[in-house]
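J.: sharing a model that was predicted from the sequence below.
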Amino acid sequence: MRAFNLQPKTLSLAEHLADLAVDALIDEADLSPKPALVDRRGSGAHTDLNLGLMHASALSLWPAFKAMADATMDCGEIGLPLREALGQIGRDGEAAMLATTGGVNTHRGAIWALGLLVAATALEPESSTPGAVTLRAARLALLNDRYAPHPLSHGAQVAQHYGVRGAREEAQLAFPAVTGLGLPQLKRSRTADAGEQNARLDALLAIMTGLADTCVLYRAGEAGLQTMQQGAKAVLEAGGSATLDGRRQLHALDRQLIALNASPGGAADLLAACLFLDRVERGAGLFPGVC
């Protein structure tokens, strides 16, 4: 009898997708230096968050992402039953997250974005380009969950107040900040040999240039949003985070946003969505042995 079973476990598609979603959240948290966000340097503009808490929160969401993928494969089609099943799983996942973090909201927006993308990928894994996945996710987001809580989230209240797109509308439009800004910049920076970490930073900054981040609006109003968008644009125009001038601009933006107590959490959630879609498109995590 062998003491150890060294045969690799064959994971289900749902398990692979849950792994991929959690990996995207951890990769986003670890990425440094992010302006005013939790990273390996510290807590950014936050007083109640740290990197360890972000990791624990991400890991706590694995069962929810797996359950979303399983529910999607069980339903087999986009419709109200699937939308409402995903909504309940998402709320249960949020409760598990809050129990893990002691009540701190670490990934509420990411549950929404990544949950939709996990489900959209599970529905047709053979059609996994970002455009195809986000269009399926949009069809899900357009359906109304009859059991969703009625009080508006802070993000939804801010979006309504300022007349901008919130997380719900971003998903309903098939994640334009991801497919139109983040992913193209990620690929451009890779092509320019910026290095993977710098390419991911550039993708975050590209998202920040065009996103009406409700987290920033909630904390710092329109002045904070303008600082974020213009500062992110300045980094990219200086050559991106792989250049000396770009790094100087990036550190300046970090200082400005921290002084305003403005953390671009919405952009961070969409960067995680960007990383998830990128890995799905390249096949990583969907099949055993693929890196």
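T.: Sure thing, it's come through.
J.: got the contact list for the longest helix anywhere in the chain?
T.: Using DSSP state H to define each element, the chain has its longest helix at helix 214-237. If you take Cβ atoms under 8 Å, 6 or more residues apart in numbering as the criterion, helix 214-237 is touched by 35, 45, 109, 154-156, 158-159, 162, 164, 166-167, 185, 202, 205-206, 208-213, 241, 246, 249-250, 252-253, 256-257, 260-267. Where you see a C-beta, it was placed from the backbone N, CA and C, and this is true even at glycine.
J.: was I right about Asp278 contacting Leu186?
T.: Yes. Asp278 is within contact range of Leu186, at 6.3 Å (criterion: Cβ atoms under 8 Å).
J.: these two: which is more packed in?
T.: Each of Asp278 and Leu186 has its neighbours counted (other Cβ atoms under 10 Å); Leu186 has more, 26 against 21.
J.: out of everything not next to it in sequence, what's closest to the more buried one?
T.: Spatially, and ignoring its direct neighbours in sequence, Leu186 is nearest to Ala203 (4.0 Å; Cβ to Cβ, 6 or more residues apart in numbering).
J.: correct me, but the one you found touches Leu183?
T.: Yes. Assessed by Cβ under 8 Å, Ala203 is found in contact with Leu183 at 7.1 Å.
J.: list residues touching both of the two?
T.: Each of Cys274 lies in contact with both Ala203 and Leu183 under the rule Cβ under 8 Å, 6+ apart.
J.: can you pull out the helices in the stretch 51-200 of the chain?
T.: With DSSP state H, counting those that start in this stretch, the ranges of helices along the stretch 51-200 of the chain come out as 51-60, 62-75, 80-101, 108-123, 130-141, 154-162, 167-172, 176-177, 183-191, 196-210.
J.: a markdown table for those helices, including mean pLDDT and distance to Ser12?
T.: A markdown table is the format used below for the helices of the stretch 51-200 of the chain (pLDDT from 0 to 100; distance: least, Cβ to Cβ, whole Å):
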| stretch | mean pLDDT | distance to Ser12 |
| --- | --- | --- |
| helix 51-60 | 97 | 18 |
| helix 62-75 | 98 | 8 |
| helix 80-101 | 97 | 16 |
| helix 108-123 | 97 | 10 |
| helix 130-141 | 98 | 19 |
| helix 154-162 | 83 | 33 |
| helix 167-172 | 94 | 25 |
| helix 176-177 | 98 | 31 |
| helix 183-191 | 98 | 27 |
| helix 196-210 | 98 | 28 |
